[in-house]
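Colleague: All I have is the shape, not the residue letters:
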């Protein structure tokens, strides 16, 4: 009987050690899962930061491209303004020349009319 009691006691001790080890392993596993979860969250945050950085760079590139295009359009507008001003000046010169021709034609017509009377 004593041998049976010793076996039961040994079984209880081993069971207790097994359960203690199991609880410790579960605690370690829980801590590891918690660590991995925090690492995953940190990785997700890092990935989002990278995404935002890329979006920001793309937006900055678009702003720079828009500014460059605005400068090109402004230069084209200045060239058009010069061309229009030149065209207006040429038109004014032609109008002035035609005015003199009309004036001369009227004077010639007036003189011609006086001579025929």
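Modeller: Everything's here; your move. Keep in mind it's a predicted model, so treat the numbers as computed, not measured. Numbers count the residues shown, from 1 in each chain.

Colleague: any idea of the mean pLDDT in the helix or strand hosting residue 114?
Modeller: Assigned by DSSP states H and E, residue 114 belongs to helix 2-116. The average pLDDT within helix 2-116 is 90.

Colleague: Which strands and helices lie in contact with that helix?
Modeller: With contacts defined as 3 or more Cβ pairs under 8 Å, 6 or more residues apart in numbering; DSSP states H and E, helix 2-116 has no helix or strand neighbours. From N, CA and C alone the C-beta is placed, and that goes for glycine too.

Colleague: any idea how far the residue positioned nearest the centre of the chain is from residue 20?
Modeller: What sits nearest the mean C-alpha location of the chain, by Cα atoms, centre = their mean, is residue 59, with 1.5 Å. According to Cβ to Cβ, to the nearest Å, residue 59 stands 58 Å off from residue 20.

Colleague: swap in residue 87?
Modeller: From residue 87 to residue 20 the distance is 99 Å (Cβ to Cβ).

Colleague: roughly how far out does the helix holding residue 114 sit from the chain middle?
Modeller: 0 Å (Cα atoms, centre = their mean, to the nearest Å).

Colleague: give me the number of residues near residue 69?
Modeller: 10 (other Cβ atoms under 10 Å).

Colleague: What are the neighbouring residues in contact with it?
Modeller: With contacts defined as Cβ atoms under 8 Å, 6 or more residues apart in numbering, residue 69 has no neighbours.

Colleague: Ok, residue 50 next?
Modeller: Counted by Cβ under 8 Å, 6+ apart, residue 50 has zero contacts.

Colleague: tally of neighbours for residue 61?
Modeller: Residues near residue 61, counting by other Cβ under 10 Å: 10.
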